[in-house]
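# Structure for this input, please:
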Amino acid sequence: MSGSRPDSTDVSTPHSGRPTPADPVAGRSGGPSRRFVLGSLAATVSAAAAVPLLGAMPSAAAAPARRAAAPRSATRELVYFNTWKGTQIYGAWFDPGCGDLTPIGPVGDANADWAVTHPTLPILYVATMAVGGVVDTFRIDPASGALTKTGELSTGGTGLNGGGVSYIGIDQPSNTLLATNFEDGFTAAVPISRTGELAPPASLAQDTGSGPNPRQAGPHPHHAEVDPSGRFALVADFGADRVFVYRFDRETRTLSTGGPAGPYAYATAAGSGPRRVAFHPDGRTVYLLSELSSDLQTLQWNPASGELTQRQTVALDGPDFTGAKSASDLAISADGRFVYAGNRGENSLMVFAVAPRTDLLSTLQSVPCGGTTPWGFTVHPSGRWLLVANEASSTVNVFGIDQHSGRLTDTGTSLAVPNPDSITFFRP
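Here you go, the predicted model:
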């Protein structure tokens, strides 16, 4: 399947043709239309009256096909946007019934690169680009969306290479925050107290290696994920062209190499730049997204030994693409039937179907991302929506997910946010 694409109106017979960007969704009736996000908050967020609002704009992509009006829900949810090399976090209200966004504006100050919410408390942890691998803690006001900074923690590092945490995620069974320090080349296991405070790292796992690309002068971990058994942590290292597999002890929050030979490492092609890993819900398969080669690998996972075995590689770019390759983000549907990937090179979102018995991938859809440079995206917990942060066009665009077919529909809803790079939901 490497390099092949289906026609945009026929998902049953893949071929090498490119999808039609002006009609990303087949089978919709009616002429093209655009939806606009209202910028008024007078009736919704009184606490944000003194905060400048985000602008509203139509989608930067071709006008999507008209969708049937979705009902508004009785409840709204908060969603936060980090900004690439910015100094503020932005907020909005999201309606999970109809997919609408209502802007709040700047809600907190941070040089934010990634964020994650506490599993049960109104707390937002924010990875920053500050020297020393700093993670900030914010208290969320569920009524207004405002953020109050309550602490900051240095996860370590010399900062000689510039500092910066590229990813944070939470292993809930052990109450551990995993933070990958891109510049200093290590992953920190940070304890989380019962009340949400962060403690100094319980352990650090230092990657080694480099790659042929000028951006790969040393190890640069970009993502860390604990396996379903809780016994291993996988670290996708952009700079070393490796996925390092560390032993993880949930009781002590210790990341270790497992022996004098060092951690097991799955080697990718030289210069590929591993960026994201994700476990299939069945626990036997890992999907690996590589940024510089813009491809997606299907890997067999051995939970006893922690070994990864390559089974399949699928290209994100079409065979006629000649620009700079740049894959960005990865997600799997909760039922494990579909895999979603971001492609900054072609400004597109990819949808892959997962074979029920083998977990192998087949290309299902390529759809324009609604803007430029889809840096990151997040699937709503309901599985009905995908929000993409289009960094270069400074927009967040909303896509509907057909939960039967897995296909994406550009709803036309677009929110102006300066250089967004990641999106985090909070459900009060």
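
# Find the helix or strand that A189 is a member of.
According to DSSP states H and E, A189 maps onto strand 186-191.

# What is the neighbour count of the residue nearest to Y90 when sequence neighbours are not counted?
The shortest distance from Y90 to any non-neighbouring residue, by C-beta to C-beta, 6 or more residues apart in numbering, is to F81 (4.5 Å). In this view, the C-beta of every residue, glycine as well, is placed from N, C-alpha and C. By other C-beta atoms under 10 Å, the residues close to F81 number 28.

# Backbone dihedrals for F81, both of them.
Dihedral pair for F81: phi -120, psi 120, per degrees, to the nearest 10.

# Repeat that for E251.
Dihedral angles for E251 - degrees, to the nearest 10 - are phi -70, psi -40.

# Same check on S174?
Here is the backbone geometry of S174 (degrees, to the nearest 10): phi -100, psi 0.

# Quick check: it vs E291, distance?
29 Å (C-beta to C-beta, to the nearest Å).

# so what secondary structure elements neighbour the strand holding A189?
strand 176-181, strand 203-206, strand 221-226, strand 232-237, strand 254-256 (3 or more C-beta pairs under 8 Å, 6 or more residues apart in numbering; DSSP states H and E).

# Reformat those strands as JSON lines; add mean pLDDT.
Formatted as JSON lines, the helices and strands packed on strand 186-191 follow (pLDDT from 0 to 100):
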{"stretch": "strand 176-181", "mean pLDDT": "97"}
{"stretch": "strand 203-206", "mean pLDDT": "96"}
{"stretch": "strand 221-226", "mean pLDDT": "98"}
{"stretch": "strand 232-237", "mean pLDDT": "98"}
{"stretch": "strand 254-256", "mean pLDDT": "96"}
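
# and those as CSV, adding mean neighbour count and distance to Q403?
Below are these laid out as CSV (neighbours: other C-beta atoms under 10 Å; distance: least, C-beta to C-beta, whole Å):
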stretch, mean neighbour count, distance to Q403
strand 176-181, 28, 30
strand 203-206, 19, 37
strand 221-226, 24, 24
strand 232-237, 27, 28
strand 254-256, 19, 36
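
# Figure out the helix or strand that A278 lives in.
strand 274-279.

# whoops, I104 was the one
strand 101-109.

# Over to Q297?
Taking DSSP H and E as the definition, Q297 sits inside strand 295-302.

# Give me the buried stretch members for that strand, please.
Neighbour-count burial for strand 295-302 flags 295-299, 301 (criterion: 16 or more other C-beta atoms under 10 Å).

# cool, and stretch 346-362?
346-354, 359, 361.

# Run the chain-centre distance for that stretch.
16 Å (C-alpha atoms, centre = their mean, to the nearest Å).

# And the furthest pair within the buried residues of stretch 346-362?
N347 and D359 (28.1 Å; C-beta to C-beta).

# where are the low-confidence patches of this structure?
Residue ranges of the chain with pLDDT under 70: 1-74, 159-163.

# Which residues does stretch 109-117 contact?
With contact meaning C-beta atoms under 8 Å, 6 or more residues apart in numbering, stretch 109-117 is reached by 80, 82-89, 123-130, 136, 138, 140, 149, 164-170, 177, 421-422, 424-426.

# Work out the gap between it and the centre of the chain.
On C-alpha atoms, centre = their mean, the centre of stretch 109-117 falls 13 Å from the chain's centre.

# C-alpha coordinates for stretch 190-203, PDB please?
The C-alpha coordinates for stretch 190-203 follow below in PDB (Å, rounded to 0.1, in the frame of the first residue of the first chain):
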ATOM      1  CA  VAL A 190       7.500  12.700  37.200                       C
ATOM      2  CA  PRO A 191       5.400  11.700  40.200                       C
ATOM      3  CA  ILE A 192       1.900  13.300  40.500                       C
ATOM      4  CA  SER A 193       0.500  13.700  44.000                       C
ATOM      5  CA  ARG A 194      -3.100  12.900  45.000                       C
ATOM      6  CA  THR A 195      -3.900  16.600  44.800                       C
ATOM      7  CA  GLY A 196      -2.200  17.100  41.400                       C
ATOM      8  CA  GLU A 197       1.200  18.600  42.400                       C
ATOM      9  CA  LEU A 198       4.300  17.500  40.500                       C
ATOM     10  CA  ALA A 199       7.400  16.200  42.400                       C
ATOM     11  CA  PRO A 200      11.000  16.100  41.100                       C
ATOM     12  CA  PRO A 201      11.500  13.300  38.600                       C
ATOM     13  CA  ALA A 202      11.800   9.800  40.100                       C
ATOM     14  CA  SER A 203      14.000   8.700  37.200                       C
END
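
# how about that stretch: buried residues?
Residues 190-192, 196, 198, 201-203 are the ones in stretch 190-203 that count as buried (16+ other C-beta under 10 Å).

# Need those in a markdown table (columns: distance to Y266).
Formatted as a markdown table, these follow (distance: C-beta to C-beta, whole Å):
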| residue | distance to Y266 |
| --- | --- |
| V190 | 25 |
| P191 | 28 |
| I192 | 29 |
| G196 | 34 |
| L198 | 30 |
| P201 | 25 |
| A202 | 25 |
| S203 | 21 |
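
# Could you identify the most distant pair in these?
The largest separation in those, counting by C-beta to C-beta, is between G196 and S203 at 20.5 Å.

# follow-up on the earlier one: and the strand holding Q297, how far out from the chain's middle?
With C-alpha atoms, centre = their mean, you get 18 Å for strand 295-302.
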